[in-house]
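Enquirer: Based on what follows, work out the 3D shape:
(one chain, ligands or ions: 1)
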Amino acid sequence: MRKRMFLLWMMLGCLLLSGCGEKQPQATEPSLLLGFSQLGSESSWRIGNTRDIEAKAAEYGISLMMENANQKQENQIAALRRFIAYRVDVIAFSPIVEEGWDNVLKEAKQAGIPVVLVDRTIRTESEDLYVCLIGADFYQEGVSAAEYLLRKADALGKDHLNIVEITGTEDSTPMRQRHAGFMDRIAGDDRMRVLESVNGDFLKSRGAECMRYLLEKYGKRIDVIYSHNDEMTMGALPEIEQAGFKPGQDMVIISIDGGQEAIDILREGKINCIVECTPMLGATLMETALALKEGRPVSPETHPVEQVFSDEQDLSALAPRGY
Ligand code: AHR
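Expert: Residues are numbered from 1 along each chain as shown. Down below sits the predicted model:
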């Protein structure tokens, strides 16, 4: 019944948009209705992720109800409730933070709607409140960032390096795991000293603010900036230059994501290393949603394969990034 109503609305919409006389392609019933709650539009990574999910839904013939929560958990919870009320076939969402989802997920479970986590994970009372996670291994990204720095310290012959960290959204999975992976990997190396970690919320404007604060406090004592995403890195770079330092030379710059703009800056030499975090999760999400609809098993965790781009490599042949 719900599907018939949906089809009727689509056909009516086509008629109104096109005028009555012209012949239009027949609307076919979508194979599946997927509700997806995106957490916001804080970065080019996030915009690339949204576009990829929309494009892949169209390619797979999946009908997508997409809602953008504008960086607010309460908006995401309200969107999930709307998906439940609409009785979508599958719910997917990218949780802004890890905690506070139990109640709404219990409601989805009671309604018999499977839930897929995209990009980030959550902490719940019981793990059967969601089916699976499709997203990056953020801990490994932190480890890869640290491993680059250890190699760089060897190459520069440094006996000590003062590090400042600009982290992502408080209590989010990438913030927690990128920090933990990095710290675990540099632990025990006496050359490495973290002066301070500050929170930049994955935003360019906050990256600039954090960098101003760090430069005022530590100035030329800063040897390394480890930033949890490209957006904050791009906010920080002009501040470093305005303070009279050359990013990539006077200070080692390590970033995460690998969007086109940051890769171009890496090629210019102002960023030293970017650990890739790919936003292209749409195809895996569509395959997973179809499998769930058809009752086929799905993998509990899927991590995309990711690379490290740095000043150690020739990046001239790197294909356009697409985000
Ligand atoms: O959760 C993925 C992170 O969120 C990306 O690194 C960042 O750019 C985005 O805002």
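
Enquirer: Quick check: which ranges of the stretch 101-250 of the chain have low pLDDT?
Expert: In the predicted model, the stretch 101-250 of the chain carries no residue with pLDDT under 70.

Enquirer: Could you list every helix and strand that the longest helix anywhere in the chain packs against?
Expert: Determined from DSSP state H, the single longest helix within the chain is helix 138-156. Applying 3 or more CB pairs under 8 Å, 6 or more residues apart in numbering; DSSP states H and E, we find helix 138-156 packed against strand 161-167, helix 173-186, strand 224-227, strand 252-257, strand 273-276, strand 308-310. In this view, the C-beta of every residue, glycine as well, is placed from N, C-alpha and C.

Enquirer: quick one: contacts for the nearest residue to N70 once chain neighbours are set aside?
Expert: Spatial nearest neighbour of N70, excluding adjacent residues (CB to CB, 6 or more residues apart in numbering): G40 at 5.4 Å. By CB atoms under 8 Å, 6 or more residues apart in numbering, G40 lies in contact with 46, 68-71, 96.

Enquirer: ok, G40 to the ligand distance?
Expert: 8 Å (CB to the nearest ligand atom, to the nearest Å).

Enquirer: could you measure that residue against P300, distance?
Expert: 26 Å (CB to CB, to the nearest Å).

Enquirer: Kindly report the same for Y148.
Expert: 30 Å.

Enquirer: more crowded one of the two?
Expert: Remark: of Y148 and P300, Y148 carries more neighbours, 22 against 10, as counted by other CB atoms under 10 Å.

Enquirer: Please look at the more buried one and C273 and confirm they touch.
Expert: Yes: Y148 is within contact range of C273, at 4.3 Å (criterion: CB atoms under 8 Å).

Enquirer: any residues in contact with both of those two?
Expert: In contact with both Y148 and C273: 254, 308, 310, using CB under 8 Å, 6+ apart.

Enquirer: For those, could you give me CSV that also reports distance to the ligand?
Expert: Output for the shared contacts of Y148 and C273, formatted as CSV (distance: CB to the nearest ligand atom, whole Å):
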residue, distance to the ligand
I254, 13
V308, 14
S310, 17
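
Enquirer: Considering those residues, which possesses the most neighbours?
Expert: I254 (26 neighbours).

Enquirer: List the contacts of that residue.
Expert: 145, 148-149, 224-227, 271-275.

Enquirer: okay, those residues in TSV with distance to the ligand next?
Expert: What follows is these, written out as TSV (distance: CB to the nearest ligand atom, whole Å):
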residue	distance to the ligand
A145	12
Y148	17
L149	18
V224	19
I225	16
Y226	13
S227	10
I271	14
N272	18
C273	15
I274	11
V275	10
